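Student: Turn this into a model:
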Amino acid sequence: MMQRNWSEEVEADVVSSALADARLLDSGFELIPRILGVRRCSLMLFDASRQELVLVRVWGAPSQVTIGTRASVDRGVAGWVLRHRTPALVDDVTRDPRFPRESRLHYETRSCISVPVVYDQVCYGVLNATDKLDGTTFTATDLAMLELFASHIALCIHHEQLMRELGQLANTDSLTGLFNRRYFLARLAEEVDRAARYQHSLCLLMLDLDAFKRLNDTYGHRWGDAVIQRMAQLLRETVRRVDVVCRYGGDELAVILPETEVDEAEVVARRLTRAVQLEVFATPGQGGERITVSGGISAYPSLA
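Tutor: Below you'll find the predicted structure:
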């Protein structure tokens, strides 16, 4: 009988859970128009890096409003709801100062509701509903119902993020934060296939620390761990963002260099070797140790 290891089981569970979370989120969102009797509703998630709300789900929006549309958190009622983490029930958008004049043209009726999407004190975004089918004003009951939908959506988003983080842990070395050996083997196979399909060059740089076992035994494993962590940092600083840096095991490190010729890989190797040679690793007590690295380059297609 074939057996999967722990990380493979985690990855399968992560994929399954992510799909389930997406389906639950979609099913909850699609119930809003029917339950509240509205023509339009939307879900906007917060992009902290750009301080913007991004439209990720929409129902019944005008053609100019598309998935991926962005809005500043400093404008509009949705931005106000996000900043204050407070629901908003608006009777008349034409009399509410939170609505820019140009945005009022998009409303068929004058009433709308917006609620924050919050779980465990984290605000993920804003859920909005506008234009009741019967033309009436939204009520406090409508607002409470939309808050229930927002709670359901927030739970789905929170769970999906947890599953994504768990998936990352399965592929990540806990000491260095680099990709681990399992991920390296899978990714290398993918890059070889891609290089063959598109006739691209591909290089692999393998490195290990010289005399590391002796130094590790001399100064202790905590010192050795600090050295490995610093080596990982030097690698990240040396290679490109598209390169894949991995801890193969122990003091062995690997870098997958997509679309890279051998001479370019040699430049990377020399640059890293030089950076390591200049580094003085502090030792317990006084003084420090300098470390050298040995390595090799493999290329696809073969050097021969």
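Student: Any stretches of the stretch 201-304 of the chain with poor pLDDT?
Tutor: 302-304 (pLDDT under 70).
Student: can you give me the strands for it?
Tutor: Taking DSSP state E, counting those that start in this stretch to define them, one finds strands in the stretch 201-304 of the chain at 202-209, 244-249, 252-258, 281-282, 288-289, 293-300.
Student: Give me the distance from the second one to the chain's centre.
Tutor: If you compare the mean C-alpha spot of strand 244-249 with that of the full chain, they lie 20 Å apart, counting by C-alpha atoms, centre = their mean, to the nearest Å.
Student: What of the fifth one?
Tutor: Taking the mean C-alpha point of strand 288-289 and that of its whole chain, the gap between them comes to 38 Å (C-alpha atoms, centre = their mean).
Student: Partner strands of it, with direction?
Tutor: The strands beside strand 288-289 in its sheet (DSSP bridges) come out as strand 281-282 (antiparallel).
Student: The first one now?
Tutor: Next to strand 202-209 in the sheet, as set by DSSP bridges, lie strand 252-258 (antiparallel), strand 293-300 (antiparallel).
Student: could you dump those to JSON lines with distance to Leu133 and mean neighbour count?
Tutor: Bear in mind the C-beta positions are built from the backbone N, C-alpha and C, glycine included. Shown next, in JSON lines, are those (distance: least, C-beta to C-beta, whole Å; neighbours: other C-beta atoms under 10 Å):
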{"stretch": "strand 252-258", "distance to Leu133": "53", "mean neighbour count": "22"}
{"stretch": "strand 293-300", "distance to Leu133": "61", "mean neighbour count": "15"}
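Student: Looking at those strands, which is nearest to Leu215?
Tutor: Of all these, strand 293-300 sits nearest to Leu215, with 12.7 Å by C-beta to C-beta.
Student: Alpha carbons of the closest one, as PDB, please.
Tutor: Only the C-alpha atoms of strand 293-300 are listed here, as PDB (Å, rounded to 0.1, in the frame of the first residue of the first chain):
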ATOM      1  CA  VAL A 293      31.700  27.200   1.000                       C
ATOM      2  CA  SER A 294      32.000  24.500  -1.600                       C
ATOM      3  CA  GLY A 295      29.500  24.000  -4.400                       C
ATOM      4  CA  GLY A 296      28.800  23.000  -7.900                       C
ATOM      5  CA  ILE A 297      26.600  23.900 -10.800                       C
ATOM      6  CA  SER A 298      24.400  21.700 -12.900                       C
ATOM      7  CA  ALA A 299      22.800  22.900 -16.100                       C
ATOM      8  CA  TYR A 300      19.900  22.000 -18.400                       C
END
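Student: Could you work out which of the strands of the stretch 201-304 of the chain reaches nearest to Asn180?
Tutor: Among the strands of the stretch 201-304 of the chain, strand 244-249 comes nearest to Asn180, with 6.3 Å by C-beta to C-beta.
Student: Kindly provide the distance from the residue nearest to Asp26 when sequence neighbours are not counted to Leu162.
Tutor: Spatial nearest neighbour of Asp26, excluding adjacent residues (C-beta to C-beta, 6 or more residues apart in numbering): Arg57 at 7.6 Å. Remark: distance between Arg57 and Leu162 (C-beta to C-beta, to the nearest Å) = 20 Å.
Student: ok, now which ones touch Met145?
Tutor: Ile35, Leu36 (C-beta atoms under 8 Å, 6 or more residues apart in numbering).
Student: Dihedrals phi and psi, it?
Tutor: Taking degrees, to the nearest 10, you get phi -70, psi -40 for the backbone angles of Met145.
Student: mind checking how far it is from Glu190?
Tutor: With C-beta to C-beta as the criterion, Met145 and Glu190 are 46 Å apart.
Student: More neighbours: Arg57 and Leu162, which one.
Tutor: Between Arg57 and Leu162, counted using other C-beta atoms under 10 Å, Arg57 has the larger neighbour count: 19 against 13.
Student: Which SSE is immediately downstream of the host helix or strand of the more buried one?
Tutor: Per DSSP states H and E, Arg57 falls inside strand 52-59. The element immediately downstream of strand 52-59 (helix or strand, assigned by DSSP H and E) is strand 70-72.
Student: Quick one: mean pLDDT over the helix or strand following that next one.
Tutor: Counting by DSSP H and E, the next helix or strand C-terminal to strand 70-72 is helix 76-84. Per-residue pLDDT values over helix 76-84 give a mean of 93.
Student: Return the set of buried residues in helix 76-84.
Tutor: Judged by neighbour count using 16 or more other C-beta atoms under 10 Å, the buried positions of helix 76-84 are Gly76, Val77, Ala78, Gly79, Trp80, Val81, Leu82.
Student: before we move on, back to that, hey, what's the residue nearest to Asp26 bridged with?
Tutor: On the basis of DSSP bridges, Arg57 is bridged to Leu43.
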